[in-house]
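Asker: fold the following and give me the result.
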Amino acid sequence: MVSTKEQERKALEQIKKILEELGNGSYVVTAFKGCVEDAERNIENDFAFSMKDRYESEANRNRELVEQNTKLNRRVSNLEDTIRELTRQIDTIEATNEEAYNELSAEYTQVWNSVEEANERREEAERLEKLYEQEVIRLKAKLYDLLVKEN
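Answerer: Alright, predicted model coming up:
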């Protein structure tokens with residue numbers, strides 16, 4: 001036999017009265033927290049909600065979240081390993097770059113010094129060339145004087 005909504009309401013009122021008589025510290029009252037409200041909504045709206053179904057649904061959702069969290073923690077751990085490896089590679093590359101920079105810097109300094117030295121030699125050679133040209137002119141003039149005086 002299926003009960004009517006009115007029969008359900010009367011039964012719920014009796015249950016409420018029993019729960020009120022037991023008082024707030026009662027184990028039964030504690031177990032029924034939220035159930036009376038669910039029953040009222042179920043009667044009025046033709047629903048079939050229950051605390052047990054909600055609990056089981058939340059327990060399943062909690063298990064799913066724990067699994068997701070475990071997977072995410074593994075992923076985070078893998079990403080941290082990847083970050084450590086990439087950091088190590090970056091450190092190696094930076095050390096290699098610094099070494100190469102120091103070598104190139106030394107080579108540049110050496111080439112620069114060579115260029116400076118070559119410029120100094122060129123300037124000295126140009127100075128000597130002018131001196132030799134002047135000496136040649138002086139000797140030619142002296143030779144001319146000697147040739148002209150003998151004749």
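
Asker: list the buried residues for stretch 11-18?
Answerer: Buried positions in stretch 11-18, judged by neighbour count with 16 or more other C-beta atoms under 10 Å: residue 12. For every residue, glycine as well, the C-beta is placed using N, CA and C.

Asker: restrict that stretch to CA atoms and write it as CSV.
Answerer: The C-alpha atoms that make up stretch 11-18 are tabulated as CSV, following Å, rounded to 0.1, in the frame of the first residue of the first chain:
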residue,chain,number,x,y,z
ALA,A,11,4.1,10.4,10.3
LEU,A,12,6.7,13.1,10.0
GLU,A,13,5.0,15.2,12.7
GLN,A,14,5.1,12.1,15.0
ILE,A,15,8.8,11.6,14.3
LYS,A,16,9.5,15.3,15.1
LYS,A,17,7.6,15.0,18.3
ILE,A,18,9.6,11.9,19.3
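
Asker: can you give me how far the helix ranked longest in the chain is from the chain middle?
Answerer: As far as residue count goes, and with DSSP state H defining each element, the longest helix of the chain is helix 51-150. Distance, stretch centre to chain centre, for helix 51-150: 26 Å (C-alpha atoms, centre = their mean, to the nearest Å).

Asker: center of the chain, which residue is that?
Answerer: Residue closest to the mean C-alpha point of the chain, counted by C-alpha atoms, centre = their mean, is residue 83 at 8.2 Å.

Asker: what about residue 32, how many neighbours?
Answerer: Residues near residue 32, counting by other C-beta atoms under 10 Å, number 19.

Asker: tell me how far it lies from residue 3.
Answerer: Per C-beta to C-beta, to the nearest Å, residue 32 is found 19 Å from residue 3.

Asker: cool, and residue 129?
Answerer: Distance, residue 129 to residue 3, by C-beta to C-beta: 128 Å.

Asker: before we move on, the earlier item: next one, pLDDT for the residue nearest to the centre of the chain please.
Answerer: At residue 83 the predicted local distance difference test score is 98.

Asker: over to residue 134?
Answerer: On the pLDDT scale, residue 134 gets 96.

Asker: residue 1 now?
Answerer: On pLDDT, residue 1 comes in at 77.

Asker: same question for residue 146.
Answerer: Confidence at residue 146, expressed as pLDDT, is 88.

Asker: fine by me, we can end here.
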